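fold the following and give me the result.
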Amino acid sequence: MEGSYKEKIIEKYAGGGEVHRAEQTGQYAMEFIYTKRALDAYIAPDKKVIELGCGGGYYLMHYAPRCKEYLGVDLSPVNVEIVEKQIADSGYTNASVQCGDATNLREIADESYDVVLCLGPLYHLKREDRIQCIRECKRICKLGGTIVFAFINKIGAIAKFGHGVGWNHVLTPAVGECVMERGTDDVHTDIFFFTMPEEMIVDTESVGLKRIKMMGVDFLLLEPEIETFTEEQRKIWFQFADMVADSEYATSLSNHALFICQK
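You can find the predicted model right below:
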């Protein structure tokens, strides 16, 4: 990953806000609810897990007690320092964190992890770097192991924010050019990159990974809107959300999505 590109990503997370991202979206944060539901099937007491782009440590703190070993890796020294403190406070002896670049994991040995979670890096990688990251995930994963990639979906981002903040803010030339044509965010054009499920299929197959499952995790609604529902309405909403999350054909409608592979 080129120097200036990496530096902009580090600067983006210098404030340490990632540690609060899950709680800021509230108890109905669909991205976290459905991502954990998907990961539960692969993380077990006998598994060694590595998470690339561990951010503020949300998944590390949730899954460290449930696996043999958990290593968090993040490009941001601020995030690493925050997670180090959480690990120390928790007393987890099987968890650790270190700085690292998901496109060049030279300090990680070949085939050393049963489960490789790439839950943030692809949000910030151009196409060529994304493919290199996928190669690195394959390299450090054990034969027969599981790799989970999270990505931001072009169509789903437009659908969710069009509904959430108003279509007049989304149906603009900048969104058309940046999101739909170039696959970049329309505000942070040089550090947030979007893709499509079809591209993820091509990119993972190109390095020899086998697709297990593809699924969306947060559809259409912003979480504050879910907070306003009655209990009955919320029950019906999550019944709908379960259906679309379980359908690979609905993945494109999700803002964030998961692509689960086997080496």
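
and the residue nearest the centre of the chain, what does it touch?
Nearest residue to the geometric centre of the chain (CA atoms, centre = their mean): Leu119, 2.9 Å. When contacts are counted by CB atoms under 8 Å, 6 or more residues apart in numbering, Leu119 touches Thr35, Glu51, Leu52, Gly53, Cys54, Gly55, Tyr59, Val148, Ala150. All C-beta spots, glycine's among them, are computed from the backbone N, C-alpha and C.

now Glu136
Residues in contact with Glu136 (CB under 8 Å, 6+ apart) are Ala102, Thr103, Asn104, Leu105.

pretty sure the last one contacts Ile140?
It refers to Leu105. Yes. Assessed by CB atoms under 8 Å, Leu105 is found in contact with Ile140 at 5.9 Å.

distance of Met180 from Val83?
35 Å (CB to CB, to the nearest Å).

give me the more crowded residue out of these two.
Val83 (28 against 13; other CB atoms under 10 Å).

how about the closest residue to Gly100 other than its chain neighbours, secondary structure?
Sequence neighbours aside, Val73 is the residue nearest to Gly100 in space, at 4.0 Å (criterion: CB to CB, 6 or more residues apart in numbering). Counting by DSSP: H, G, I helix; E, B strand; the rest coil, the backbone at Val73 sits in strand.

cool, Met215 as well?
Applying three-state DSSP: Met215 is strand.

so what's the residue count around the nearest residue to Ala95 once chain neighbours are set aside?
Closest residue to Ala95 in three dimensions, ignoring its sequence neighbours and counting by CB to CB, 6+ apart: Ala64, at 4.0 Å. Counted with other CB under 10 Å, residues neighbouring Ala64 total 24.

got the phi/psi numbers for Ala64?
Dihedral pair for Ala64: phi -50, psi -40, per degrees, to the nearest 10.

neighbour-wise, which of the contacts of Glu136 leads?
The contacts of Glu136, ranked by neighbours (other CB under 10 Å): first place Ala102, 24 neighbours.

return the distance of that residue relative to Leu75.
Ala102 is 7 Å from Leu75, by CB to CB.

common neighbours of those two, please.
Contacts common to Ala102 and Leu75, judged by CB under 8 Å, 6+ apart, are Gly53, Pro121.

which SSE is immediately downstream of the longest helix seen in the chain?
Counting by DSSP state H, the longest helix found in the chain is helix 231-246. Next helix or strand after helix 231-246 toward the C-terminus (DSSP states H and E): strand 256-262.

that next one pairs with which strands, parallel or anti?
Strand 256-262 pairs in its sheet with strand 141-152 (antiparallel), strand 210-216 (antiparallel), by DSSP bridges.

quick one: residues in contact with it.
Residues contacting strand 256-262 (CB under 8 Å, 6+ apart): 31, 35, 38, 42, 144-153, 156, 197, 200, 204, 209-218, 251.

repeat that with 6 Å
With contacts defined as CB atoms under 6 Å, 6 or more residues apart in numbering, strand 256-262 is touched by 31, 38, 147-151, 153, 200, 204, 209-218, 251.

from the contacts of Leu119, which ones fall inside strands?
Glu51, Leu52, Val148, Ala150 (DSSP state E).
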